[in-house]
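Student: Would you be able to build a 3D model of this:
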Amino acid sequence: MKVLITGGTGFIGARLALKCLEQGDTVKVLGQVNNTAEDENRALIEAHGGEVIIGSVTDQEAVRKTINGVAVVYHLAAAQHEANVPDQHFWDVNVQGTKNLLEASVEAGVKRFVHGSTIGVYGSALEGEIDENTPLSPDNIYGVTKSEGEKLALSYGDKLPVTVVRISETYGPGDRRLLKLFKTIDKKVFFMIGKGENKHQLIYVDDLVEGIRLAGSSEQTAGQIFVLAGEEVLTTNQMVESIAKALGVRQRRLRAPLWPFLAAAMVLEKSLRPLGIQPPLHRRRMDFFIKSFFFSRDRARNILRFKPKTNFQDGVQETAKWYSEHGYL
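Tutor: Numbers count the residues shown, from 1 in each chain. I've put the predicted structure just below:
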């Protein structure tokens with residue numbers, strides 16, 4: 001099968017590309033190379049036989065050329081962590097970029113379209129278990145534009161079989177987002193901000209890739225939304241304990257109140273963002289210590305037959321091993 005993965009030079013996209021290649025698919029990747037990690041992912045995909053096209057989903061002509069002959073599109077490209085750009089950038093990538101891809105997919109006769117979304121569409125902490133029918137309440141520009149991207153993708157259902165996957169916090173070999181957490185725990189300089197009792201339901205990257213592939217192959221998924229999350233619900237405290245165990249270190253139980261960091265994040269955002277400077281601390285980075293979610297896995301289990309295989313302790317063990325082998329720890 002010929003597949004296109006947008007955002008394929010990123011963490012999740014690259015792992016998906018390598019899995020598709022391993023399964024015998026012909027893989028095209030549309031992505032960018034803005035840092036060393038993305039350059040390494042590009043080289044790895046090409047070394048395994050994938051084709052990498054450097055470009056953006058905001059470029060209509062590049063999208064049309066890239067999508068020719070493709071049967072399945074996995075749309076993972078997104079503006080996400082940028083805190084040094086105007087809100088319009090998120091609309092351009094997450095909404096207009098999605099529209100460009102949908103229009104090109106219809107023209108090219110794509111058979112399946114899997115739209116990668118996020119649990120960020122739910123907003124902040126919610127009471128009780130969350131599922132695909134829980135009302136959305138995004139509380140930042142990323143969540144707002146990803147919610148709009150979902151609606152747009154599903155509106156093409158009469159022209160194109162579209163499936164939306166809302167991706168939970170993802171970790172594993174190749175991830176650089178949790179690297180700072182691993183490093184501070186390894187060096188025994190980590191301190192908890194707040195009480196550490198907020199809940200996470202992370203998913204190991206290889207499990208996530210399996211769920212995304214199922215969403216692109218099952219005939220029952222068209223027009224549906226699926227939350228892809230792991231089986232365990234962990235507090236931030238429990239996460240830190242598991243990582244410390246995997247690293248073989250005894251953590252120092254240091255804590256700091258939440259409000260000074262939130263205040264500092266707000267000041268840094270307001271002062272540096274207009275100058276195009278990425279703030280060293282911003283409110284979305286604080287979400288790790290604040291937001292609290294846990295999810296029903298019923299729909300993914302019953303329709304996709306999706307069952308995550310990796311528990312968190314084993315997953316962080318593999319992640320720590322990868323960091324160590326690549327000289328990050």
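
Student: Buried residues, the worst-scoring helix or strand of the chain on mean pLDDT. List them.
Tutor: Of all helical and strand segments in the chain, the minimum by mean pLDDT, DSSP states H and E falls on helix 259-272, at a mean of 78. Taking 16 or more other CB atoms under 10 Å as the basis for neighbour counts, the residues of helix 259-272 that come out buried are 261-262, 265, 268-269, 272. Every C-beta, even on glycine, is put in place using the N, C-alpha and C of the backbone.

Student: And stretch 140-159, by the same measure?
Tutor: Buried-residue list, stretch 140-159, by 16+ other CB under 10 Å: 140-150, 152-153, 156.

Student: among those, which are in helices?
Tutor: The helices in this structure, assigned by DSSP state H, contain 141-150, 152-153 from the buried residues of stretch 140-159.

Student: Nearest to residue 71 among those residues?
Tutor: Nearest to residue 71, judged by CB to CB, of these is residue 153 at 17.5 Å.

Student: contacting residues around the closest one?
Tutor: Under the criterion of CB atoms under 8 Å, 6 or more residues apart in numbering, the contact partners of residue 153 comprise 75, 98, 102, 113, 115, 162, 164.

Student: give me phi/psi at residue 255?
Tutor: phi -140, psi 150 (degrees, to the nearest 10).

Student: who's in contact with it?
Tutor: When contacts are counted by CB under 8 Å, 6+ apart, residue 255 touches 191-196.

Student: Show the buried residues in those.
Tutor: Here, 16+ other CB under 10 Å leaves 192-194, 196 buried among the contacts of residue 255.

Student: Let's see which of the contacts of residue 153 end up in strands.
Tutor: Assignment to strands by DSSP state E places the following of those there: 75, 113, 115, 162, 164.

Student: just to revisit the earlier point, would a markdown table of the buried residues of stretch 140-159 with distance to residue 4 and pLDDT be doable?
Tutor: Formatted as a markdown table, these follow (distance: CB to CB, whole Å; pLDDT from 0 to 100):
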| residue | distance to residue 4 | pLDDT |
| --- | --- | --- |
| 140 | 28 | 89 |
| 141 | 26 | 93 |
| 142 | 23 | 93 |
| 143 | 25 | 94 |
| 144 | 26 | 96 |
| 145 | 21 | 97 |
| 146 | 20 | 97 |
| 147 | 23 | 97 |
| 148 | 22 | 97 |
| 149 | 17 | 98 |
| 150 | 19 | 97 |
| 152 | 18 | 98 |
| 153 | 15 | 98 |
| 156 | 16 | 97 |
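
Student: just the contacts of residue 153 now: which is nearest residue 328?
Tutor: Out of the contacts of residue 153, the member with the shortest distance to residue 328 (by CB to CB) is residue 75, at 29.2 Å.

Student: Thought residue 110 was touching that closest one, still the case?
Tutor: No: using CB atoms under 8 Å as the test, residue 75 is too far from residue 110 to be in contact (10.5 Å).

Student: Settle it for me: which of those two has more neighbours?
Tutor: Neighbours were counted for residue 75 and for residue 110 using other CB atoms under 10 Å; residue 75 has more, 27 against 24.

Student: do you know how far that one is from residue 6?
Tutor: Distance, residue 75 to residue 6, by CB to CB, to the nearest Å: 5 Å.

Student: Now do the shared contacts for these two.
Tutor: Here residue 75 and residue 6 have 57, 101 as joint contacts, going by CB under 8 Å, 6+ apart.

Student: for the chain, what are the low-confidence residue spans?
Tutor: 83, 125-127, 275, 279, 281-282, 284 (pLDDT under 70).

Student: Show me where it has its strands.
Tutor: 2-6, 26-31, 51-54, 72-75, 112-118, 162-167, 170-171, 192-193, 199-200, 203-204, 225-228, 234-235, 255-256.
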